[in-house]
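1. Only the shape, not the letters, is given here:
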């Protein structure tokens, strides 16, 4: 498609989002990012979350742009398109993608992605492998021309909810690029994080086989690194890939290592509390913005509630049950948890986790032995004084990756 057609598709998609929806979602996601971006101030129980939760830098620009749509153009569809056009203009294929647009679209997909996909909205993200924000062709000759110097060590990185592949670059660091020193060639998954984890897992299982077939050189080592929801999607893809292996999929048994950074294997209790106890969210750091969702929660957000990686069965009472799936066979599996508290205050560390994911959940621990994930003691770690997003740039995390994947 030409750039004008892509831009027109983006704007048609934006027109389907009402002014209130755009502003409300921008406020929700910005509040989440603002609370994650700094160490929390624990409000007293029942104290309302601050209304003026604002982020800075490029992220702040993104949310300010979206809020401006509501405040300045009202409900006019034409004016709405005019104000959204600068942020949602399709990227020039000869230029790097604009981080502002990528951030807006990723945030909308995280909260509304299942609806965007169901309605064929052009803003729905189609899963793809990317480098520097550009989709990689899954044909050997074309891929070879895009990945000059590709090595036999393939590294696939999977982002989290409401995020995109460009956001692996944080505070001047990118785990994928840094691991080139060990001979890895990184590729970054870009996906609609509002779809169910199981749906993304099934799509990725097939896409991984195409990548495996098209890789320019024979693959000697295959590693997957997932941040937050990305770890669930990786586990789901390996699971689904193994189920359909009789159809000829080879890659699931070739995964050497799976590393999960802040992945809610046992769910994210803050969102679980919000599943019917929204008043409690105002008392928990980072969680209050979720209360603004009301009943509007994507399938992806609901899956994080229980840590589901396959379609959850429905109980007699109409509630979803967590489908049990263990760690993949044959792959070395690693888990990194983060804690906002210092190592000298284990109780605070255990209660807070990284602000979104408890330490126990990130390490796969559970009081029910059937649900516990068997990460070996030497394949798990806890980093302290670190919040959820800082796992992407932590000076403690990268040495662990070097040690484990070297």
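-> Yep, it's here. Given the structure is predicted, the values throughout are model-derived calculations rather than measurements.
2. can you list the weak-confidence ranges in the stretch 1-150 of the chain?
-> Within the stretch 1-150 of the chain, the stretches with pLDDT under 70 are 1-91, 93.
3. Ok, the stretch 151-300 of the chain next?
-> Ranges of the stretch 151-300 of the chain meeting pLDDT under 70: 245-247, 269-297.
4. got the residue ranges for the helices in it?
-> 175-178, 197-214, 229-243, 269-274, 278-281, 299-306 (DSSP state H, counting those that start in this stretch).
5. and the second one, what other elements does it pack with?
-> Just to be clear, that refers to helix 197-214. strand 128-131, helix 140-146, strand 153-158, helix 229-243, helix 299-306 (3 or more CB pairs under 8 Å, 6 or more residues apart in numbering; DSSP states H and E). All C-beta spots, glycine's among them, are computed from the backbone N, C-alpha and C.
6. would CSV of the ones you listed with distance to residue 181 and mean neighbour count be doable?
-> Shown next, in CSV, are the helices and strands packed on helix 197-214 (distance: least, CB to CB, whole Å; neighbours: other CB atoms under 10 Å):
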stretch, distance to residue 181, mean neighbour count
strand 128-131, 17, 18
helix 140-146, 21, 14
strand 153-158, 11, 25
helix 229-243, 22, 26
helix 299-306, 33, 24
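7. Nearest to residue 375 among the ones you listed would be which one?
-> When the helices and strands packed on helix 197-214 are compared by CB to CB, helix 229-243 sits nearest residue 375, at 11.5 Å.
8. Output the contacting helices and strands for the closest one.
-> strand 153-158, helix 197-214, strand 221-227, strand 255-261, helix 299-306.
9. Reformat the ones you listed into TSV and put distance to residue 358 next to each item.
-> As requested, those are arranged in TSV below (distance: least, CB to CB, whole Å):
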stretch	distance to residue 358
strand 153-158	21
helix 197-214	18
strand 221-227	16
strand 255-261	14
helix 299-306	12
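10. Can you say which of these is nearest to residue 146?
-> helix 197-214 (10.3 Å).
11. in the closest one, what counts as buried?
-> For helix 197-214, the neighbour count (16 or more other CB atoms under 10 Å) marks 197-209, 211-212, 214 as buried.
12. between those residues, which is nearest residue 126?
-> Nearest to residue 126 among the buried residues of helix 197-214 is residue 203, at 9.2 Å by CB to CB.
13. follow-up on the earlier one: turn the helices and strands packed on helix 197-214 into JSON lines, columns for distance to residue 256.
-> Output for those, formatted as JSON lines (distance: least, CB to CB, whole Å):
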{"stretch": "strand 128-131", "distance to residue 256": "18"}
{"stretch": "helix 140-146", "distance to residue 256": "21"}
{"stretch": "strand 153-158", "distance to residue 256": "9"}
{"stretch": "helix 229-243", "distance to residue 256": "12"}
{"stretch": "helix 299-306", "distance to residue 256": "26"}
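14. Which one of the helices of the stretch 151-300 of the chain lies nearest to residue 360?
-> Across the helices of the stretch 151-300 of the chain, closest to residue 360 is helix 269-274 (CB to CB), at 9.7 Å.
15. For residue 362, see how far away residue 261 is.
-> Distance, residue 261 to residue 362, by CB to CB, to the nearest Å: 8 Å.
16. hey, what's in contact with both of these two?
-> residue 336 (CB atoms under 8 Å, 6 or more residues apart in numbering).
17. pretty sure residue 97 is touching residue 166, no?
-> Yes. At 7.1 Å, residue 97 counts as touching residue 166 under the criterion of CB atoms under 8 Å.
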